[in-house]
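> requesting a structural model of the entry that follows:
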Amino acid sequence: MFSLDFIGVFMFIAGFIIGLGAVIVIDVHGFLGRTSSYWTEATTRTHKVTKPLIWIGIFLTIIGGTILYRNEPFSGIPLYHALIAVGLILNGLFLTFYVSPFLLKREQEGEQGALLPSSLQRKITVSFILSDLGWWCGLALLVFYLTETV
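Below is the predicted model:
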């Protein structure tokens, strides 16, 4: 049967595949949508799919990390992963409860192709950068942990 470590690593990696993959898709759409009404509308539609996938990825990585690090002290890489997870959750809350309702409201009003206000674009850009850094650094830490403990 599968060991608990196998299940933990599998869930951790599955979370990165799902979450980081969705982040890359929405970030590319968002980048293209900064100056294009076509891509702004595409981003509004795409975020309906990527948003739940990012949350699934976050939860899978948290569950996988909890299983994998169950016998580790809460310091070093496990602590860094926990801090990254908190950052990603806070960032996700901003995107889910501030940006997403704004986009959906504009869509209902038939304004889904209108470019976003520059102040919101700046906030979203910072959010995307934090998200990318969190996901990529988290993945790098996992690879480092796995290669150093084998």
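> and residue 109, how far from residue 29?
According to Cβ to Cβ, to the nearest Å, residue 109 stands 20 Å off from residue 29. Heads up, the C-betas are built off the backbone N, CA and C, glycines and all.
> could you check which of those two has the larger neighbour count?
Comparing residue 109 with residue 29 by other Cβ atoms under 10 Å, the one with more neighbours is residue 29, at 19 against 9.
> quick one: contacts for the closest residue in space to that one that isn't next to it in sequence?
Spatial nearest neighbour of residue 29, chain neighbours left out: residue 43 (4.1 Å); criterion: Cβ to Cβ, 6 or more residues apart in numbering. The neighbours of residue 43, taking Cβ atoms under 8 Å, 6 or more residues apart in numbering as the test, are 26, 29-30, 32-33, 103.
> same thing but 7 Å
With contacts defined as Cβ atoms under 7 Å, 6 or more residues apart in numbering, residue 43 is in contact with 29-30, 33.
> now the element after the one helix or strand it maps to, going C-ward?
Assigned by DSSP states H and E, residue 43 falls within helix 37-68. As assigned by DSSP H and E, the chain's next helix or strand after helix 37-68 is helix 77-94.
> flag every buried residue along the helix or strand following that following helix.
Once the chain leaves helix 77-94, the next helix or strand it forms, by DSSP H and E, is helix 100-108. Residues of helix 100-108 classed as buried by neighbour count (16 or more other Cβ atoms under 10 Å): 103, 106.
> now the angle from the helix or strand that helix 100-108 is followed by to helix 100-108?
Per DSSP H and E, the first helix or strand lying C-terminal to helix 100-108 is helix 118-149. Counting by axes from the mean of the first three to the mean of the last three Cα atoms, to 10 degrees, helix 118-149 lies at 130 degrees to helix 100-108.
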